[in-house]
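J.: Requesting a structural model of the entry that follows:
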Amino acid sequence: MMGKRSRSKGGRGEREAAEALRPVFPEAFRRIGQTRAKKRGADVEGCGPYFVEVEMSARPSPHRKMRQALREVPHGFRGAGMAGLQVRQQPIAVLTRECSRARSGPWHVTMLLDDWLDVVRRAQGSTGLDDLSAAGAPSPDLVPAGDPHEGDP
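T.: Residues are numbered from 1 along each chain as shown. Model prediction:
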């Protein structure tokens, strides 16, 4: 059984993640009522081809959250990647470290490598670029200074 503080933190994380996703997925919203009804479903819905599981904790676990997303993603339609699984959506885990009650760290996304490669292939096709390795590399002046792993979950 989950305590009230943990549920509150989970709900806050899901709301923050939905807000962070809205610039790309304007219909993103936190799914409510899933814990009481014990129905499986994405934590944030309205994200197109992605099944979004969210975690905000002091020690987020990308592998555990990704396993949960893989277990709960609805099956039945062919999706990209997934090594032969028939899926409607690509499962992703969206995680952040809770720094304090008022502030969370940067958001991170975890997905299967096959799914990420499919995203890159689609991006290559839509831009007409054959090789995104050079085009997608950040210029040196855009790379932030400091520890590249600061704020990592």
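
J.: Three-state assignment for Val109, please.
T.: Under DSSP: H, G, I helix; E, B strand; the rest coil, Val109 falls in the strand class.

J.: Before we move on, what's the pLDDT of it?
T.: Looking at Val109, its pLDDT is 95.

J.: Report the beta-bridge partners for it.
T.: Beta bridges link Val109 to Val94, judged by DSSP bridges.

J.: list the contacts for it?
T.: 92-95 (Cβ atoms under 8 Å, 6 or more residues apart in numbering). Every residue, glycine included, has its C-beta placed from N, CA and C.

J.: try it again with 10 Å
T.: Taking Cβ atoms under 10 Å, 6 or more residues apart in numbering as the contact definition, Val109 lies against 17, 21, 50, 52, 62, 92-95, 116.

J.: Distance of it relative to Ile32?
T.: Look at Val109 and Ile32: by Cβ to Cβ, to the nearest Å, they are 22 Å apart.

J.: what do you get for Met66?
T.: 23 Å.

J.: Those two: which is more packed in?
T.: Using other Cβ atoms under 10 Å, the more surrounded residue of Met66 and Ile32 is Met66, with 19 against 11.

J.: how about the helices of the protein, start to end?
T.: 4-21, 34-37, 62-72, 113-127, 132-135 (DSSP state H).

J.: just to revisit the earlier point, name the nearest of the contacts of Val109 relative to Arg40.
T.: Val52 (13.2 Å; Cβ to Cβ).

J.: In this structure that closest one contacts Arg31, no?
T.: Yes. Counting by Cβ atoms under 10 Å, Arg31 is a contact partner of Val52 at 9.3 Å.
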